[in-house]
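A.B. asks: Got a predicted structure here, sequence first:
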Amino acid sequence: MPFILLSTATSSPGSAKPSAHFRGDVEGLRAVAIGLVLLYHAGLSFIPGGYVGVDVFFVISGFLITTQLALELEKTGQISLPGFYSRRAKRLLPAACVVLVTTVILAWLFTPRNRWGEIGGDVAAAALYFVNWRLANRSVDYLAEDSEASPVQHFWSLAVEEQFYILWPLLISAAALIARSTRRQVKPFLWLGIAIVALASFRWSLAMTSRSPEEAFFVTTTRVWELSIGAVVSLAAGLLPRVPRWCAVLLGWSGLAAIISSGVFFTNHTRWPGYAATLPTLGAAAVLAAGFSAGRAGPARVLETRPLQWIGRLSYSLYLWHWPLLAVAASSTDQLSTSDRVALIAGSIVLSWLTFHAIENPFRYGAAISRSPALGLSFGAGFTLLGLAAGLALRTAFSRELAKMDGGERGAPLGAAVLRPEPRDDPAGSPVDHVSWMTPEPLRAAEDLPDVYQRGCQQSPRSSEILACEYGDRQSQTKLALVGDSKLAQWIPALQELAERNEWHMVSYTKSACSFTMAMVDINGEKYTSCHEWSRALLDRLVSEPPDYVLTSQGNATALDERGQPSVEEMVLGLQTTWAALTAKGSKVVVIADNPYPGRHVYKCVDQHRQRLSACTYRRELYSESAAPTQHLAVRGQPGVEIVDLFDAICPTERCAPVIGNVLIYRQGSHLTATYVKTLAPRLARALSKVGLPARF
């Protein structure tokens, strides 16, 4: 049964007349897909699920690429890999390179310096088309909680497609080789190969979306089934013209309705891709399939209108340009309104039109490049290297900025050491506009961490396995367990010093975003089941082998009640139940009170306002919005449980300073820098001694 090439990829819209195989409804479907994405990124409330446009693109790409490859196989008996990759290179890489280089320039001009290293790495990964894996890793990295959206984040989907383009012709060539060696028709082997790949990918997508939806969104393995759906439509091309017209019309309009309804009814809370992604992807497949016999009675009546054809032609450039403009603008301003976003997207349309006519078409249809696959591949390699060089250049600029920073005077008292024993209202802790030097350097603040991260014993949100780090004297008769989330982990640099000075044996058990409580807490609005499992297993361990002291802290003020609503009372009850089980076995519990979230990323603000640090202060009253009030409430009246609170040494005055004693206080979010925590070690020793844990310093 012959394959039918009906591919917009071989047409030359906007330059000459369309190819004989051009399908206007596919071009229009591209317009629908990019339209959904643009409306979603514009922040328009009526399209909360506009991200489904990317899934529609995946189906279209799978359909077009499989059609091209299958037709070439039918005509010549083989697939020219150099020819295929040359066509992809000249189609995609010139425009992508221009956008990447421009993005680097915009980032250098308009984004804070502390972002240059990360953005430069993203651009380099985007140029090499593996940025989706980099973003997947970052999405589940708790230390990247304050990372802003990358200006090249949208390249994740292009990376998925490029990886598909590398593997797909190899799969089809393998099917052809098997068919020739067995003297059978190639099509059954293609069906079998696509079915295996699609089903495996879909099953993995369901599993990973359930376990880690943030990571599942980006990785290639959870998306291949979407491209495979388009491939299935391509393989069925010989049968689809026989579908009754009325059936094709119904199928086409139903498919278009499925795509639009997905954009309207899905939200950021929809687990994606998973089962939900079947609605827009099958909808796109239905539109493609209907186009073989529905004629003008089907969605083509709308999709082939001139506005949609025009947008469809620009869809690739539109996708490339709109997001960097939005992301850079958002990074350089406090608030980006909907009207601002719409204006930026309108500007991206102008850039897209220029790119389409000045870059895309000349390289895509240039006679010399079209005649020579080697030349096309050479141009593609050159554009890739140029994009890579731009990304590395921005990373180098970041490194040079770091090299300029001098640690300044050493030997003088640092951090909390400049404060008097009772630090409340101490002028030494008042905000100032300028300091001659500071440590850690704001550009390095995100690296100023407790060593649990480097040592690999801070458990991630995904796993409930108990990880531990040991400190101090293992033969000591005084045994301490440090238990909690990153708000406990931040105190480890000071506790390490105390363990060495006091010959304690100290073991840390920490898990990101996980309060040590028998209550159910949430993460990103959903039940944090791995935290609950971790807490129960850890409590069993500590009860069976009781330490002398359990030191704990947390960032969560609430837990979920029976209705799934955040509740302070539920957290208090959960904490008291946990502590009671420990004290019943003879352990003394010491709670370290939480410190507040300043309402901004302080280290970024300090880098931007080095001559006006007072712009980076926050209100002392924010203490009431931390977990500390819940902790104080839970400790009250509990035998064997005490609390220490060093907030006055973190914020001595009504406006909390970002830098005290030449030490930057905050790193990501509400976490204290390891350097400042170390300067609090003497105060922590005195506070612990007062509540029954003798500590020398």
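C.D. replies: Okay, I see it.
A.B. asks: which residues touch the most centrally placed residue in the chain?
C.D. replies: Compute the mean C-alpha point of the chain, and by C-alpha atoms, centre = their mean the closest residue is residue 139, 3.4 Å away. By C-beta atoms under 8 Å, 6 or more residues apart in numbering, residue 139 lies in contact with 214-215, 217-218. C-beta: built from backbone N, CA, C; applies to glycine.
A.B. asks: Out of those residues, which is nearest to residue 297?
C.D. replies: residue 217 (36.9 Å; C-beta to C-beta).
A.B. asks: follow-up on the earlier one: mind checking which of the contacts of residue 139 land in helices?
C.D. replies: The helices, defined by DSSP state H, take in 214-215, 217-218 from those.
A.B. asks: Show the buried residues in these.
C.D. replies: Listed as buried from the ones in helices among the contacts of residue 139 are 214-215, 217-218; burial here means 16 or more other C-beta atoms under 10 Å.
A.B. asks: what does the domain assignment say about the chain?
C.D. replies: 8-143+151-325+339-398, 416-690 (automatic domain parsing).
A.B. asks: out of the ones you listed, nearest to residue 333?
C.D. replies: Of these, the one closest to residue 333 (C-beta to C-beta) turns out to be domain 8-143+151-325+339-398, at 8.0 Å.
A.B. asks: Let me see the mean pLDDT of the closest one.
C.D. replies: Domain 8-143+151-325+339-398 carries an average pLDDT of 91.
A.B. asks: Ok, stretch 509-526 next?
C.D. replies: On average, stretch 509-526 scores 93.
A.B. asks: end to end, how far does that stretch reach?
C.D. replies: Stretch 509-526 has an end-to-end distance of 23 Å (criterion: C-alpha to C-alpha, to the nearest Å).
A.B. asks: now swap in stretch 103-122 and tell me
C.D. replies: End to end - C-alpha to C-alpha - stretch 103-122 spans 11 Å.
A.B. asks: now the strands for the stretch 551-697 of the chain?
C.D. replies: 559-560, 566-567, 588-592, 618-619, 641-644, 655-656, 659-660, 663-664 (DSSP state E, counting those that start in this stretch).
A.B. asks: who's in contact with the fourth one?
C.D. replies: Here strand 618-619 makes contact (C-beta under 8 Å, 6+ apart) with 596, 598-600, 602, 654-656.
A.B. asks: Just among these, which is most surrounded?
C.D. replies: residue 602 (29 neighbours; other C-beta atoms under 10 Å).
A.B. asks: Excluding chain neighbours, give the residue nearest to that one in space.
C.D. replies: residue 666 (3.8 Å; C-beta to C-beta, 6 or more residues apart in numbering).
A.B. asks: Can you give me the pLDDT of the one you found?
C.D. replies: Taking residue 666 on its own, its pLDDT is 95.
A.B. asks: quick revisit: dump the domains of the chain into TSV; add distance to residue 331 as well.
C.D. replies: Formatted as TSV, these follow (distance: least, C-beta to C-beta, whole Å):
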stretch	distance to residue 331
domain 8-143+151-325+339-398	5
domain 416-690	10
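A.B. asks: Show me the one of those that comes nearest residue 697.
C.D. replies: Of the domains of the chain, the one closest to residue 697 (C-beta to C-beta) turns out to be domain 416-690, at 3.9 Å.
A.B. asks: Can you give me the end-to-end span of that closest one?
C.D. replies: 19 Å.
A.B. asks: ok now stretch 556-575, how far from the chain's centre?
C.D. replies: Centroid separation between stretch 556-575 and its chain, computed with C-alpha atoms, centre = their mean, to the nearest Å, is 28 Å.
A.B. asks: quick one: contacts of that stretch?
C.D. replies: In contact with stretch 556-575 (C-beta under 8 Å, 6+ apart) are residues 485, 513, 515, 517-522, 527, 594, 625-627, 629-631, 633-634.
A.B. asks: Buried only: go through those for me.
C.D. replies: Looks like those have 485, 513, 515, 517-522, 594, 626-627, 630-631, 633-634 buried, using 16+ other C-beta under 10 Å.
A.B. asks: related to what we said a few turns ago, with respect to residue 84, which of the contacts of residue 139 is nearest?
C.D. replies: The closest of those, once distances to residue 84 are taken by C-beta to C-beta, is residue 218, at 25.5 Å.
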